[in-house]
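Asks: what's the 3D shape of this:
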Amino acid sequence: MASAPPPSAAKLYRANSFVSLPAELNPDTFDTSPEKRRAEAERLVIRSRLKRQYQLQLNNPSPPAIIENPALVRWAYAKSQNVYPTFRPTPKTSFLGAAYGLGPLLFWIFVLKADRDRKEKRIQEGKYKRPYSVFF
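Replies: So this is what the prediction gives:
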């Protein structure tokens, strides 16, 4: 008599009791709603279309001068042109902008004015002799 075939590896698999599953693989957290499955399918279709378009451009026997990757174009737009969804002018950002913009300017004005006043005071007291300079 022939015995039953051995169980497959999938049936023998058990989760490691020492390591927890990530949320994506935990069956308790799966959201199997039809809306979510439909949205994932739409994203997969869009991704596959973009991938096919890019592969066709890449493997074209007479390729264009520049092959545009639509995902990279969208990313660059999101990083450079579309700053308002990620930046909101608040009192904190306004203060920081003024501090970084005007702070160094006011600091150097103060330093140069203090140095000029100190030299002027020493000149009036006769403790500093001005060097002759064509450019100053």
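
Asks: can you tell me what sits against stretch 112-121?
Replies: The set of residues external to stretch 112-121 that reach it, using CB atoms under 8 Å, 6 or more residues apart in numbering, is residue 128. (Glycine included, C-beta is placed from N, CA and C.)

Asks: try 10 Å this time
Replies: 127-128, 130 (CB atoms under 10 Å, 6 or more residues apart in numbering).

Asks: and that stretch, what's its mean pLDDT?
Replies: Taken as a whole, stretch 112-121 carries a mean pLDDT of 94.

Asks: how far away from the center of its chain is it?
Replies: Offset of stretch 112-121 from its chain centre (CA atoms, centre = their mean, to the nearest Å): 46 Å.

Asks: show me where this structure has its helices.
Replies: Taking DSSP state H to define them, one finds helices in the chain at 9-12, 34-58, 70-80, 91-125.

Asks: redo the ones you listed as a markdown table? Include distance to residue 23 and mean neighbour count.
Replies: Shown next, in a markdown table, are these (distance: least, CB to CB, whole Å; neighbours: other CB atoms under 10 Å):
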| stretch | distance to residue 23 | mean neighbour count |
| --- | --- | --- |
| helix 9-12 | 22 | 7 |
| helix 34-58 | 14 | 11 |
| helix 70-80 | 25 | 11 |
| helix 91-125 | 33 | 10 |
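
Asks: relative to residue 18, which of those is closest?
Replies: Between residue 18 and the helices of the chain, the tightest spacing by CB to CB is seen for helix 9-12, at 18.1 Å.

Asks: quick one on the thing from earlier: most surrounded residue in the contacts of stretch 112-121?
Replies: Within the contacts of stretch 112-121, residue 128 tops the neighbour count with 13 neighbours, counted by other CB atoms under 10 Å.

Asks: residue 106 versus the most centrally placed residue in the chain, what's the distance?
Replies: Compute the mean C-alpha point of the chain, and by CA atoms, centre = their mean the closest residue is residue 79, 7.1 Å away. According to CB to CB, to the nearest Å, residue 79 stands 32 Å off from residue 106.

Asks: what sits against the closest residue to residue 67 other than its chain neighbours?
Replies: In space, and not counting its chain neighbours, residue 67 is closest to residue 57: 4.7 Å by CB to CB, 6 or more residues apart in numbering. Contact analysis of residue 57 by CB under 10 Å, 6+ apart lists 63-64, 66-69.
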